[in-house]
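In: generate coordinates for the sequence data below:
(chains A, B, C and D)
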Protein chains: 4
Amino acid sequence: MNTLSEPIFDVAQLAHVELLTPDLDGTLRFFMDLMGMQETERRGKSVYLRGYEEQYHHSLKVTEAQHAGLGHVAWRTRSPQALERRVAAVEAIGLGRGWIDGDAGHGRAFRFATPEGHPMELLWDVDYVSIPPGQATKLLNRPQRRPLNGIPVRRIDHLNLMAANTGACRDFMVDVLGFRERERVVGDNGSAIASWLSVTNLSHDIAIVPEPTEMRGRFHHVCFHYISVQHLFDLAELAREAGISIEHGPGRHGIGGATFLYMLEPGGNRIEVMGDPGYMIFDPAWKTVVWEASKIADAVVWSGSPVPDSFWVYGTPVPRPVEGTTIAAVA
Amino acid sequence: MNTLSEPIFDVAQLAHVELLTPDLDGTLRFFMDLMGMQETERRGKSVYLRGYEEQYHHSLKVTEAQHAGLGHVAWRTRSPQALERRVAAVEAIGLGRGWIDGDAGHGRAFRFATPEGHPMELLWDVDYVSIPPGQATKLLNRPQRRPLNGIPVRRIDHLNLMAANTGACRDFMVDVLGFRERERVVGDNGSAIASWLSVTNLSHDIAIVPEPTEMRGRFHHVCFHYISVQHLFDLAELAREAGISIEHGPGRHGIGGATFLYMLEPGGNRIEVMGDPGYMIFDPAWKTVVWEASKIADAVVWSGSPVPDSFWVYGTPVPRPVEGTTIAAVA
Amino acid sequence: MNTLSEPIFDVAQLAHVELLTPDLDGTLRFFMDLMGMQETERRGKSVYLRGYEEQYHHSLKVTEAQHAGLGHVAWRTRSPQALERRVAAVEAIGLGRGWIDGDAGHGRAFRFATPEGHPMELLWDVDYVSIPPGQATKLLNRPQRRPLNGIPVRRIDHLNLMAANTGACRDFMVDVLGFRERERVVGDNGSAIASWLSVTNLSHDIAIVPEPTEMRGRFHHVCFHYISVQHLFDLAELAREAGISIEHGPGRHGIGGATFLYMLEPGGNRIEVMGDPGYMIFDPAWKTVVWEASKIADAVVWSGSPVPDSFWVYGTPVPRPVEGTTIAAVA
Amino acid sequence: MNTLSEPIFDVAQLAHVELLTPDLDGTLRFFMDLMGMQETERRGKSVYLRGYEEQYHHSLKVTEAQHAGLGHVAWRTRSPQALERRVAAVEAIGLGRGWIDGDAGHGRAFRFATPEGHPMELLWDVDYVSIPPGQATKLLNRPQRRPLNGIPVRRIDHLNLMAANTGACRDFMVDVLGFRERERVVGDNGSAIASWLSVTNLSHDIAIVPEPTEMRGRFHHVCFHYISVQHLFDLAELAREAGISIEHGPGRHGIGGATFLYMLEPGGNRIEVMGDPGYMIFDPAWKTVVWEASKIADAVVWSGSPVPDSFWVYGTPVPRPVEGTTIAAVA
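Out: As a prediction, the model looks like this:
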């Protein structure tokens, strides 16, 4: 019998992302009033939010801090034993930071970091959201009604991190956590410039793009999900009216194939919303799609105006002096 | 350590569906001229088709026959050894029908049937499509350009079968093949009336709905994928002009949450096209959503005109005498 | 020189519609919370509303009353002298009811009725809306920001009235007010069954459909405008959650070509929202499109499930006993 | 009685545009294969095309020539006598160039030019299209079925011309032809930089933007109409695959409010396609919306990436040397 090494199935999904913001009120207005996210809980300097289709306590934790950036990323495993297996794998290469008892919305979680220090967690125990008062719905596969405010996002989709050594971060995600690399941009020598990886049928749950500064562990963006490019245009109007900087889009990516809109939330973090989800990957033997760096324009934008330079430079936290990193905001 | 039995990951995806048609030319015009599918090969009385985003040789095989209906359904496993494991499981319960050497587009495959006789196959070896002449594209994650004809579907999505004992068929898919039941409609006694199941992050790769006649093994529909509800309206116009019967929609399902349009292709088989894909399931501990039969109207149609009676009666092959099964076609 | 009689250009547009409702609070929640309309003013038992693109004080007046139905329809003329000319024409045939000094949002207006008694007004002086506090926008062709609540409609589009003698009402609108008949459904003897008429480039500013009861002057629906069929699906979700009856749609009309969704607001009046606007008429010599009654299914619904019987029967006020007029609501 | 001078109603609509192209085959492939336009007739070096909703013989005439650019623009009047009135008005200011007997698709027409020499025609007699063989449709308000090829445009919408003295051209269109100026961009001294004008309920049938070169009579773009922003993304994919330069979009304009995509057809002319139509103007006393030049970024792009510099420079014919006019094409 012909055999094939089978993938690791231990990580099931992106559970949540924590964003740091120097402007908590502004950030909350952005996510709640414009993007229609629901507040589940407040604790100390943190507020826990979720999209209306999401069953867990939160998919986004917003925490007041001196600078914008990534708080942490949490991945949910497929089972308690899958959690133990991945924790052992992380500890084996020395990137573990130990267990915490939990946080609002979930139980014990194991902290670790990517090779460049992006804080991550692995967890199994999660709390499901209670139906908000007056929000019981006949649509039984949703925990609540569709919100009446803003252009409400449905769920978190993926995140994107910046790394000086994208290949090393990619290898970590693949070898230790079991992600599959779905698309890749390579330099002349074939080395990875950027990678898109997933554990699901999505084309990416996480992407890793180049870090052009001396900083490490920076955050590029987190993406939330709509179902139509019309919603991107609708949200863009609300964003313009509210003085939110629109960096790029609406457009369609080559890589992943989704339609996109990029904004800077008031705290400074880059946020993507996607319309239709692009292609999905069901082929269990999918071969990583490889783009040469010279074709990166097609790779990043398939339909629409070309990506601005800020897309390759701007991340949070913003380095100082900030002169070189201002983005050409439309607002 | 708390543990949990882990799911079977052996079946990866719906690979293709074979439809039987008494009107091969009409059926091909429907799939090629209106739905923009691409012909890969012809062999005997069969034509092999695919959507423009699909990497395999075909996702739809159309075979001339005396009556409309299902030829077979093929599921691709995650690996050669996964194939062997599932074959053993099928043989263990006596539903196996033995290996075939292969067909156009794939290698050896194992034939079996559901408890009600729907013909199915399990396979691993598949052929990837060659780029059609003149269709090379800069969009490297697609095997060809977007077609210029019709409103082209992107890929196959799921299929739906009719069964007298839906619970037994559901149990077979779950216990033997490793599907997870995502949503369910139950009668007063809690017994399954209909089930939606998947091995992917889709809400269903297959659904099983009630068979109201004495026939067994009937086909309800196969569904192809767009990305926007706009495409459903666009295709509906082409269908109306071409004299194709539109049975129902555009609308949005409660179960699964996708937008839909149902038509009868000229051979008589019901075909669904979906716009946006509805919700996806990433929760590894997803609990089957259970709808009482009294709520079935909400379950089937969340947005839009109610489903016509034909939806619960019509399937292929059509029983004779056919009086009781005519559908209220719009054409 | 070849000459042609030129049309009357005196009526410019549908200015506003007044609806009567036995459930003022419910009706306002529908229009404001779900359809995102803006309140301009309250006076006595009336509330004045507008869509966010509309420049006038209101396009919808909602007045508490014992029964649902039409309060009145107001048409704005192209000039003060055009108003005088049309008033003279109405008075000449004895359908005038005299001047009123005005109402919130407009100056003096001339009251009249169609041959079947639908109350109408002609007016020239209108008040433009003041920018609501905090709603100043950089988009100078709009009087305010896009609202954050509901799926906000942009503007009023058209209305539809029921008449026992649709031909007589049509002739009145054409001969006395200067409307052009754009499409028509005719019976076997060629007599008008229903008519769609406009003074603008829209395919209809008003439609007149058959009255199957002994009542006169009944209201069929008023329609508000979106720009995308996606918005119809979005609103349908909000309507379902809020317990609003959806009568029909989303679908696309044959006549006019617009996409539609029909609901009953809590007061009982039928409300249409349209997505894309269908075709527009620029041809100054447009010949009325004539549909035979046997083709009415195509005429009314081009894409989508067939229109339910209630569409041809239900209107406001609802006759009593009401048994025969209940509509097959989806809720 | 308060009176108001009434507008001239003599020009009814944009009837057709003639484009010159040095690459007739390429230009035809663009309009027919990608944009789904229908060929009505060929005569000498000219091909006559129309969108599938259009009732006239053609809305676009494409003529082979040494350089790209505008052949002429034709406006249809409301009546034969309206034609005579406008001809007299044009002749009175000395811009008339005399009558021609007609062309394929229309009868006698009067030639004239704008103050900067853009060739125009006024006409009344037009030929209606015959139903193409096999294209008879049950949808009686359309002359043919929806085409199966490309992403078919419905109709012509507007055109845009470049002028050194935009104010003089605007005055000509308003004073002599009866257009209303709907929106305007002004410089510090209040003088017109650009104008959007219409005779219909559209926000513009024609726009006039600055000419930055020494050339006169140049063409900026002509626009064709879809109904959804989804179609812009669909066409953008076809354009990318076919090697067509996409200059800008998809995005939403501030002025006019429509969604747009700008491309250069193979002959070099800029072509716009619009999705939803933006706002329409029904107010007979509409006051021209005035944008200061400093706000031009908001005026031109309300949602989406900012307009590239080429938008303000590129027109056809292209001046030589061409160095300064290359556009930053995405292809």
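In: which residues touch the closest residue to chain C within the stretch 51-200 of chain A?
Out: Chain C sits closest to A:Arg145 of the stretch 51-200 of chain A, with a gap of 4.2 Å, by CB to the nearest CB. Quick note: C-beta positions are derived from backbone N, CA and C, even for glycine. For A:Arg145, the contacting residues are A:52, A:135-137, C:241, by CB atoms under 8 Å, 6 or more residues apart in numbering or on different chains.
In: recalculate using a threshold of 10 Å.
Out: A:52, A:131-132, A:134-139, C:237-238, C:240-242 (CB atoms under 10 Å, 6 or more residues apart in numbering or on different chains).
In: out of those residues, which are close to chain B?
Out: Subset of the contacts of A:Arg145 in contact with chain B: A:137-139, C:237-238, C:240-241, counting by CB under 10 Å from any CB of the partner chain.
In: from the residues you listed, which land in strands?
Out: Using DSSP state E, no member of the ones next to chain B among the contacts of A:Arg145 sits in strands.
In: need those residues in TSV with neighbour count, distance to chain D and pLDDT, can you?
Out: Formatted as TSV, the ones next to chain B among the contacts of A:Arg145 follow (neighbours: other CB atoms under 10 Å in any protein chain shown; distance: CB to the nearest CB, whole Å; pLDDT from 0 to 100):
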residue	neighbour count	distance to chain D	pLDDT
A:Thr137	18	28	94
A:Lys138	17	29	93
A:Leu139	22	25	95
C:Glu237	20	19	96
C:Leu238	21	20	97
C:Arg240	26	23	95
C:Glu241	22	25	94
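In: biggest separation within those, which pair?
Out: Farthest-apart pair in the ones next to chain B among the contacts of A:Arg145 is A:Lys138 and C:Leu238; separation 13.1 Å (CB to CB).
In: by contact count, what packs against the least confident helix or strand in chain A by mean pLDDT?
Out: For chain A, using mean pLDDT, DSSP states H and E, the weakest element among its helices and strands is helix A:296-300, scoring a mean of 88. Where contact means 3 or more CB pairs under 10 Å, 6 or more residues apart in numbering or on different chains; DSSP states H and E, helix A:296-300 is packed against strand A:180-186, strand A:192-198, strand A:289-292.
In: give me the sheet partners of the shortest one and which way each runs.
Out: Using DSSP bridges, strand A:289-292 pairs in its sheet with strand A:180-186 (parallel).
In: same question for the second one.
Out: On the basis of DSSP bridges, the sheet neighbours of strand A:192-198 come out as strand A:180-186 (antiparallel), strand A:206-210 (antiparallel).
In: out of the ones you listed, the one nearest B:Cys169 is which?
Out: Nearest of these (CB to CB): strand A:180-186, 31.6 Å.
In: off-centre distance for that closest one?
Out: 17 Å (CA atoms, centre = their mean, to the nearest Å).
In: hmm, back to that, let's see which of the ones next to chain B among the contacts of A:Arg145 end up in helices.
Out: Among the ones next to chain B among the contacts of A:Arg145, the members falling in helices (DSSP state H) are C:237-238, C:240-241.
In: what does the stretch 51-200 of chain A put close to chain C?
Out: A:135-139, A:142, A:144-152.
In: switch to 8 Å and redo it
Out: Proximity of the stretch 51-200 of chain A to chain C is confined to A:137-139, A:145-146, A:148-150 under the rule CB under 8 Å from any CB of the partner chain.
In: most packed of the helices and strands packed on helix A:296-300?
Out: strand A:192-198 (a mean of 24; mean count of other CB atoms under 10 Å in any protein chain shown).
In: could you pull up the mean pLDDT of that strand?
Out: Across strand A:192-198, pLDDT averages out at 96.
In: hmm, who's touching it?
Out: Taking CB under 8 Å, 6+ apart as the rule, strand A:192-198 contacts A:158, A:166-167, A:169-170, A:173-174, A:179-187, A:203-210, A:255-256, A:281, A:293, A:296.
In: can you give me the strands in the stretch 51-200 of chain A?
Out: A:60-64, A:69-77, A:96-100, A:109-113, A:119-123, A:155-163, A:180-186, A:192-198 (DSSP state E, counting those that start in this stretch).
In: go through those and name the closest to C:Lys287.
Out: strand A:155-163 (51.5 Å).
In: quick one: residues contacting the residue of the stretch 51-200 of chain A found nearest chain D.
Out: Proximity of the stretch 51-200 of chain A to chain D (CB to the nearest CB) peaks at A:Ile151, 12.1 Å away. Shown in contact with A:Ile151 (CB under 8 Å, 6+ apart): A:34-36, A:226, A:231, A:234-235, A:238.
In: tell me, how many residues neighbour A:Thr114?
Out: When neighbours are defined as other CB atoms under 10 Å in any protein chain shown, A:Thr114 has 24 of them.
In: ok, and the closest non-adjacent residue to it?
Out: A:Cys169 (5.1 Å; CB to CB, 6 or more residues apart in numbering or on different chains).
In: for the spatially most central residue of chain A, name its beta-bridge partners.
Out: Residue closest to the average C-alpha location in chain A (CA atoms, centre = their mean): A:Leu159, at 1.7 Å. Assessed by DSSP bridges, A:Leu159 has beta-bridge partners A:Ile206, A:Val222.
In: so what strands line up beside the top strand by length along chain A?
Out: Counting residues, the longest strand found in chain A (DSSP E) is strand A:11-21. Strand A:11-21 has the following strand partners under DSSP bridges: strand A:60-64 (parallel), strand A:69-77 (antiparallel).
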